[in-house]
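# Have a look; sequence and predicted model below, questions after that.
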Amino acid sequence: MFRIVSIIICLIGLPVFLKGQVKEEVQIKMFFNKALTDRTAYENLRYLCKNTKGRIAGTPEAATAVEFTFQVMNRMNLDSVFLQPVQVPRWVRGEKEQAKILSDKFGNKEVPITALGISIGTGEPGLTAKVIEVHNFEQFAELGEEKIKGNIVFYNRHMDPTLINTFSAYGAATNQRTQGASKAAEYGAVGVVVRSLTTALDDHPHTGVMRYDNNFPKIPAVAISTNGADLLSLWLKEDPNLNFYFRTTCETFPDVTSYNVIGEIMGSKYPEEIITVGGHLDAWDNSEGAHDDGAGCVQAIEVLRLFKKMGIKPKRTIRAVMFMDEEIAQRGGKEYARQADLKNEKHYFALESDRGGLLLKGFGITAPEERLEKMLALKKYFEPYGIQEFTKGGGGVDIGPLGQFGTPLSSFVPDMQRYFDFHHSAFDTFEQVNIRELQMGSAAIASLIYLIDTFDL
Ligand SMILES: [Zn+2]
């Protein structure tokens with residue numbers, strides 16, 4: 001009897017099961033085939049990098065990037081392409097920064113620096129002062145105002161190279177950049193120089209945003225290259241009375257209007273349910289913004305292109321969103337969620353690619369328990385492509401505000417060992433992106449969205 005039942009199950013059940021699974025596997029293979037044999041996304045990235053370099057929010061370069069991505073999606077025969085206005089800060093770096101170590105013992109040496117985002121400038125003559133090296137805020141209490149007042153504070157905390165998760169190392173070192181100026185100003189410092197947040201030893205200063213605490217005077221803040229930081233630290237040991245000179249002319253102006261750029265394929269069954277895939281269109285003005293985050297933008301557009309190319313009609317509406325102003329005030333992501341709330345939109349799932357166009361290892365996902373388990377179980381479809389890390393916990397700066405609606409949030413998680421070599425520096429160029437790595441990512445994102453939509457996860 002058991003044997004007969006087994007045979008019946010085999011004859012009826014198994015083929016149905018196999019048929020279901022095979023169809024999805026074939027579709028995923030097609031996503032990868034189409035992505036790996038097409039250069040559209042890569043050429044879009046080339047254009048962004050080479051023609052809109054320096055596209056920090058509010059700049060003419062950012063406006064060109066808005067226009068370019070709008071036109072690219074407009075030519076794709078999507079169901080709609082539109083601009084969502086957003087007010088963004090306008091910070092201007094000004095003239096090329098200058099910095100020198102001035103030592104009676106070793107002589108004078110120019111070092112590479114970059115102003116930190118939204119920092120004030122030093123003023124025309126620049127700033128010269130003695131240097132106090134610190135590694136954390138706790139040291140201020142023991143040093144006291146008399147040691148710090150009138151001096152430049154030099155934050156030289158390294159990103160911890162022993163942390164395998166380089167984002168954790170970045171997180172552990174970031175507060176010297178973001179809060180360092182005001183912490184030092186509280187003790188009377190006149191400026192801050194921060195070791196670049198990178199695991200590389202090189203001559204590229206890495207910028208990034210900082211914030212002023214209005215309770216303390218605003219003082220100018222710059223990042224110094226890691227080689228420069230090592231040299232300064234070395235000389236300070238032998239010549240603690242050396243001076244540091246730097247000159248920056250950055251300024252902040254009133255907010256201006258910019259845009260999130262949005263393209264969508266309307267859902268065939270649940271058009272009111274939206275799946276968002278995005279990256280941020282702005283990039284630091286000292287960089288081409290290839291990995292951060294031109295790659296994420298062109299991948300999002302590529303997802304729509306792949307769906308169109310393969311003639312897949314998703315059940316839900318799929319939107320590619322180029323968010324504006326992730327780097328300074330995250331206004332694009334906030335406005336996107338605010339508009340979603342105003343329009344009562346239902347956001348079914350959101351994914352952000354903002355960790356570079358490097359070789360994908362997996363996805364991080366934040367979702368209610370039951371949906372999470374089902375999404376994590378999708379890993380089996382990706383294993384043949386070497387994509388094995390499906391982990392709990394995901395999101396992104398721009399999609400984060402959608403979390404208030406209970407929307408599951410996912411992050412694209414590529415290999416992270418080299419990401420901070422590029423991050424926020426002039427080294428983040430188109431040439432650092434590999435077309436296969438970029439497109440393996442595009443295909444995997446399209447596949448994940450396809451599976452979530454198809455299986456109603
Ligand atoms: Zn980014």
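Nice, thanks for sending it over.
# Could I get the contacting residues of C49?
Counting by CB atoms under 8 Å, 6 or more residues apart in numbering, C49 touches 288-290, 294, 429-430. Any C-beta I mention is one placed from the backbone N, CA and C, and that applies to glycine too.
# Tell me which residue lies nearest the centroid of the protein.
The C-alpha lying nearest the average C-alpha coordinate of the chain belongs to D354 (CA atoms, centre = their mean; 3.6 Å).
# on that earlier part again, what subset of the contacts of C49 is buried?
The neighbour count (16 or more other CB atoms under 10 Å) marks 288-290, 294, 429-430 as buried among the contacts of C49.
# still on that earlier bit, from what I see, the residue nearest to the centre of the chain and D292 are in contact.
Yes. Using CB atoms under 8 Å, D354 is in contact with D292, at 7.1 Å.
# Format the contacts of C49 as a markdown table; extra columns: pLDDT, distance to the ion and secondary structure.
Listed next are those as a markdown table, based on pLDDT from 0 to 100; distance: CB to the ion, whole Å; DSSP: H, G, I helix; E, B strand; the rest coil:
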| residue | pLDDT | distance to the ion | secondary structure |
| --- | --- | --- | --- |
| E288 | 98 | 13 | coil |
| G289 | 98 | 8 | coil |
| A290 | 98 | 11 | helix |
| G294 | 98 | 10 | helix |
| T429 | 98 | 15 | coil |
| F430 | 98 | 16 | helix |
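# Return the closest of these with respect to V303.
Nearest to V303 among these: G294, at 15.3 Å, using CB to CB.
# So which residues on the stretch 301-450 of the chain come close to the ion?
D354 (CB under 5 Å from the ion).
# Who are the contact partners of whatever residue of the stretch 301-450 of the chain ends up closest to the ion?
Taking CB to the ion, the ion has its nearest neighbour within the stretch 301-450 of the chain at D354, 4.3 Å off. Counting by CB under 8 Å, 6+ apart, D354 touches 279-280, 292-293, 296, 326, 396-398, 411-412.
# Can you get me a residue count around N136?
Applying other CB atoms under 10 Å, we find 12 residues neighbouring N136.
# For the lengthiest strand in the chain, buried residues please.
Identified as the longest strand of the chain according to DSSP state E is strand 251-265. Using 16+ other CB under 10 Å as the test for burial, strand 251-265 gives 252, 258-265.
# Export the residues you listed as a markdown table, with columns for pLDDT and distance to A185.
Formatted as a markdown table, the buried residues of strand 251-265 follow (pLDDT from 0 to 100; distance: CB to CB, whole Å):
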| residue | pLDDT | distance to A185 |
| --- | --- | --- |
| T252 | 97 | 17 |
| S258 | 98 | 30 |
| Y259 | 98 | 35 |
| N260 | 98 | 34 |
| V261 | 98 | 38 |
| I262 | 98 | 40 |
| G263 | 98 | 44 |
| E264 | 98 | 46 |
| I265 | 98 | 50 |
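# Could you work out the most separated pair of those residues?
T252 and I265 (38.8 Å).
# which of the contacts of D354 lies closest to A223?
D292 (15.2 Å).
# how about the residues of the stretch 151-300 of the chain near the ion?
Proximity of the stretch 151-300 of the chain to the ion, by CB under 5 Å from the ion, involves residues 292-293.
# circling back: let me know the closest of the buried residues of strand 251-265 to the ion.
Using CB to the ion, N260 is the member of the buried residues of strand 251-265 that sits closest to the ion, with 14.9 Å.
# shouldn't that closest one be in contact with F323?
Yes. Assessed by CB under 8 Å, N260 is found in contact with F323 at 5.5 Å.
# what about the helices in the stretch 251-400 of the chain?
295-309, 331-342, 369-376, 379-382 (DSSP state H, counting those that start in this stretch).
# residues near the residue nearest to L409 when sequence neighbours are not counted, how many?
Distances taken as CB to CB, 6 or more residues apart in numbering place G395 nearest to L409, at 3.9 Å, with adjacent residues excluded. G395 has 20 neighbouring residues, counting by other CB under 10 Å.
# hang on, isn't G395 packed against S411?
Yes. Counting by CB under 8 Å, G395 does reach S411; the two are 5.8 Å apart.
# which neighbours do these two share?
Shared contacts of G395 and S411, defined by CB under 8 Å, 6+ apart, comprise 352, 364.
# Contacts only, for D104.
D104 touches 239, 241-242, counting by CB under 8 Å, 6+ apart.
# Give me the buried entries from those.
L242.
# Okay, and which of the contacts of D104 map to helices?
Assignment to helices by DSSP state H places none of these there.
# So for the closest residue in space to A129 that isn't next to it in sequence, what's the pLDDT?
Nearest non-adjacent residue to A129, counting by CB to CB, 6+ apart: I152, 4.7 Å away. As predicted, I152 sits at a pLDDT of 98.
# Could you do P240 as well?
At P240, the model reports a pLDDT of 98.
# go on, V22?
On the pLDDT scale, V22 gets 83.
# Which residue ranges make up each domain of this structure?
28-91+255-454, 94-249 (automatic domain parsing).
# The longest one: end-to-end distance?
Think domain 28-91+255-454. By CA to CA, to the nearest Å, the extent of domain 28-91+255-454 from end to end equals 12 Å.
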